[in-house]
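> sequence isn't available, so here's the structure alone:
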Ligand SMILES: [Fe+2]
Ligand SMILES: [Fe+2]
């Protein structure tokens, strides 16, 4: 027998297949966080204009949150005997968060952030479901991250509401 013995839950030999599934889900989550860091960093620098300042500051704060999430997903991949992938495995998916044509187009960024957060919320909700009764430690971690993403989305929905109210969005 290897060091992974029965009776250790998700780390046991008989749960190897389930572990692989969870590592796959965590790896996707890891890449989502990394891409979000890239997109938010670019947007937090690129945006121009008086109205953009609040958005830029919020994005700058969220970059730290998302990097922290990426680190947690990476740690959990390793704890489940997986390997954190290298950059050559990365495939971009945030076409909607590329720099806008005009750098004063704050609404483009707000909508992009809401879409990215919504995607994260959907994927993390799936992880919470898939790990239910199987891997409570991953589930617990992802529930906490999910709450952060819900907070991020709510904040940017508030920004969008303001723009809509003023007829800009
Ligand atoms: Fe995140
Ligand atoms: Fe987020």
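Sure, I can see it. Since the structure is predicted, the reported quantities are computational estimates derived from the model, not experimental observations. Ligands and ions are numbered 1, 2, ... in the order given.
> excluding covalently adjacent residues, which one is nearest to the residue nearest to the spatial centre of the chain?
For the chain, residue 33 is the residue whose C-alpha lies nearest the centre (CA atoms, centre = their mean; 3.9 Å). In this structure, residue 33 finds its nearest non-sequential neighbour in residue 70, 3.8 Å apart by CB to CB, 6 or more residues apart in numbering. For glycine as for every other residue, the C-beta is placed from the backbone atoms N, C-alpha and C.
> now the one you found: which helix or strand?
helix 52-79 (DSSP states H and E).
> and the pLDDT for the residue lying closest to residue 35 once chain neighbours are set aside?
Closest residue to residue 35 apart from its sequence neighbours, by CB to CB, 6+ apart: residue 94 at 5.3 Å. Looking at residue 94, its pLDDT reads 98.
> tell me how far residue 94 lies from ligand 2.
Going from residue 94 to ligand 2 by CB to the ion, to the nearest Å gives 12 Å.
> residue 93 too?
From residue 93 to ligand 2 the distance is 15 Å (CB to the ion).
> follow-up on the earlier one: surely the residue nearest to residue 35 meets residue 42?
No - using CB atoms under 8 Å, residue 94 makes no contact with residue 42, being 10.4 Å away.
> quick one, what contacts residue 133?
By CB atoms under 8 Å, 6 or more residues apart in numbering, the contact set of residue 133 is empty.
> so it, which of the three states?
Secondary structure for residue 133, judged by DSSP: H, G, I helix; E, B strand; the rest coil, is coil.
> backbone dihedrals for residue 105, please?
Backbone torsions of residue 105, given as degrees, to the nearest 10, read phi -80, psi 70.
> same question, residue 93
Reported as degrees, to the nearest 10, the phi and psi values for residue 93 are phi -130, psi -10.
> still on that earlier bit, can you give me the offset of the helix holding residue 70 from its chain's centre?
Centroid separation for helix 52-79 versus its chain: 8 Å, with CA atoms, centre = their mean, to the nearest Å.
> retrieve the pLDDT associated with the nearest residue to residue 74 once chain neighbours are set aside.
Leaving aside its sequence neighbours, residue 74 sits nearest to residue 84 (CB to CB, 6+ apart; 4.5 Å). Note for residue 84: predicted pLDDT of 98.
> and the pLDDT at whichever residue of the chain sits closest to ligand 1?
In the chain, the residue that lies nearest ligand 1 is residue 69 (3.6 Å; CB to the ion). Looking at residue 69, its pLDDT is 98.
> now the helix or strand in which residue 164 is found: average pLDDT?
Element membership of residue 164 [criterion: DSSP H and E] is helix 136-165. Within the predicted structure, the mean pLDDT of helix 136-165 is 97.
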